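I'd like to go over a predicted model; first the sequence, then the structure.
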Amino acid sequence: MNDTAITYALYLLIAIPITIWVARTLHRNGRVFLIQSFNGDAEMADSVNHLLVVGFYLVNIGFVTLFLKLDFMVDGVTGIFEALSHKLGIALLVLGAMHFFNLALFSKARKEGVRIKPPQLP
């Protein structure tokens, strides 16, 4: 196995678990916002939350795999670290952007849910 193949393997072994961890964190912590957005309808919130996670996986794992190819041959341990830092840095930035995109969606949904919530009678 050459250094480029080792870099590919390490990249996938690091990037995919990070993607899974971020998706699980969003799923677990986003539930509260979605329940509030759907006026306490936990079943609807859980359904939407699951669909958001599936989309997150598809987009991010798709990006990680499409971004796998290197345009150069990796040579030595230093080359492996340099290539990994470049690949993982960009993958993490994309994950961060997706995270903030999801936060914006949750925030907007929460505001919409609060705005259309019927008034409580005394």
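Received, thanks. Residues are numbered from 1 along each chain as shown.

What is the least confident helix or strand in this structure?
helix 76-115 (a mean of 83; mean pLDDT, DSSP states H and E).

centre of the chain versus that one, how much separation?
Remark: helix 76-115 is offset 6 Å from the chain centroid, using C-alpha atoms, centre = their mean, to the nearest Å.

Just the buried residues of it, please?
Under the neighbour-count criterion of 16 or more other C-beta atoms under 10 Å, helix 76-115 has 79-80, 83-84, 87-88, 91, 94-95, 98-99, 102, 105-106, 109-110, 113 buried. No exception for glycine: its C-beta is placed from N, CA and C like everyone else's.

What separation do you get for residue 20 and residue 52?
15 Å (C-beta to C-beta, to the nearest Å).

Compare these two (neighbour count), which wins?
residue 52 (19 against 13; other C-beta atoms under 10 Å).

Roughly how far does the more buried one sit from residue 27?
In terms of C-beta to C-beta, residue 52 sits 8 Å off from residue 27.

okay, and the common contacts of those two?
When contacts are counted by C-beta atoms under 8 Å, 6 or more residues apart in numbering, the set common to residue 52 and residue 27 is empty.

about what we covered before: tell me which other helices or strands the least confident helix or strand of the chain touches.
The contact analysis (3 or more C-beta pairs under 8 Å, 6 or more residues apart in numbering; DSSP states H and E) places helix 76-115 against helix 3-37, helix 42-66.

got those as a markdown table, with distance to residue 75 columns?
Formatted as a markdown table, these follow (distance: least, C-beta to C-beta, whole Å):
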| stretch | distance to residue 75 |
| --- | --- |
| helix 3-37 | 6 |
| helix 42-66 | 23 |
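
What mean pLDDT does stretch 31-50 get?
Averaging pLDDT along stretch 31-50 yields 86.
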